[in-house]
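[1] Build the 3D model from these lines:
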Amino acid sequence: MYSAGKHAMKKKIGLFYGSTTCYTEMAGEKIRDAIDLILGSGAVTMHNVAFDSLHLMADYDYLILGIPTWDYGELQEDWELHWPQLDELQLSSKKIALYGLGDQVGYPDWFQDALGYLWQKVVHQGAETVGAWPNQGYDFDHSKALNAAGTHFVGLALDDENQLDISDSFILRWCRQVVDEFGL
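    Next up, the predicted model:
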């Protein structure tokens with residue numbers, strides 16, 4: 001028997017990430033596992049942008065996008081290669097949460113800049129973004145990933161170089177927040 005209520009709980013979440021050194025992928029796996037604990041197994045499908053087309057984003061009701069910042073505020077190579085494809089996507093019906101990895105000690109003037117670039121890109125394509133994350137507990141000089149008030153990052157900011165010991169707790173808290181803001 002078909003149940004509209006049961007069907008409504010089976011929203012699809014696509015997690016798209018770029019990862020050169022595997023840290024963004026590993027964070028994505030932890031995000032997937034945390035959301036599976038909250039919503040049930042199979043709620044999140046992961047896609048590496050090096051191999052999967054960004055056009056697959058159209059197949060999902062909700063999106064989580066992961067991007068590391070490289071060197072002096074640069075995009076990760078796989079995202080950079082497919083960056084123009086983002087302009088072809090219709091994202092106005094999507095709710096999108098973003099997470100980024102960066103090094104606040106080694107690159108304090110560019111911490112999480114790629115996260116900010118990605119946020120700008122999806123907002124320009126009409127997406128509604130969720131998952132803003134407080135900037136307390138970090139030590140950096142500048143970031144293009146801060147909201148207009150400068151109080152929050154536009155998504156989850158992880159620094160596995162310098163704060164690996166708190167990343168898992170940040171991920172779990174953020175996933176609960178995102179699931180709530182997705183309305184799931």
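[2] May I ask you to name the longest helix in this structure?
    Longest helix of the chain, by residue count under DSSP state H: helix 164-182.
[3] Quick one: list the elements packing against that one.
    Using 3 or more CB pairs under 8 Å, 6 or more residues apart in numbering; DSSP states H and E as the contact test, the elements touching helix 164-182 are helix 23-39, strand 95-101, strand 128-130, strand 156-158. Just so you know, the C-beta spots here come from the backbone N, C-alpha and C atoms, and that holds for glycine as well.
[4] Quick check: next helix or strand after the second one?
    Right, strand 95-101. Helices and strands here follow DSSP states H and E; after strand 95-101, the next one along the chain is helix 113-124.
[5] Specify the angle between that following helix and strand 95-101 in degrees.
    170 degrees (axes from the mean of the first three to the mean of the last three CA atoms, to 10 degrees).
[6] Which residues does helix 113-124 contact?
    Residues from elsewhere that reach helix 113-124, judged by CB atoms under 8 Å, 6 or more residues apart in numbering: 65, 67-70, 73-76, 79, 83, 86-87, 91, 94, 96, 98-100, 102, 129, 143-146, 153-155, 157.
[7] List the buried residues for that helix?
    Of the residues in helix 113-124, 113, 114, 115, 116, 117, 118, 119, 121, 122 count as buried by neighbour count, 16 or more other CB atoms under 10 Å.
[8] one step back: now the buried members of the contacts of helix 113-124.
    65, 67-70, 73-76, 79, 86, 91, 94, 96, 98-100, 102, 129, 143-146, 153-155, 157.
[9] what are the pairing partners of the longest strand that the chain contains, and which direction each?
    Longest strand in the chain by number of residues (criterion: DSSP state E): strand 62-70. Strand 62-70 has its sheet partners listed here by DSSP bridges as strand 13-17 (parallel), strand 74-75 (antiparallel), strand 95-101 (parallel).
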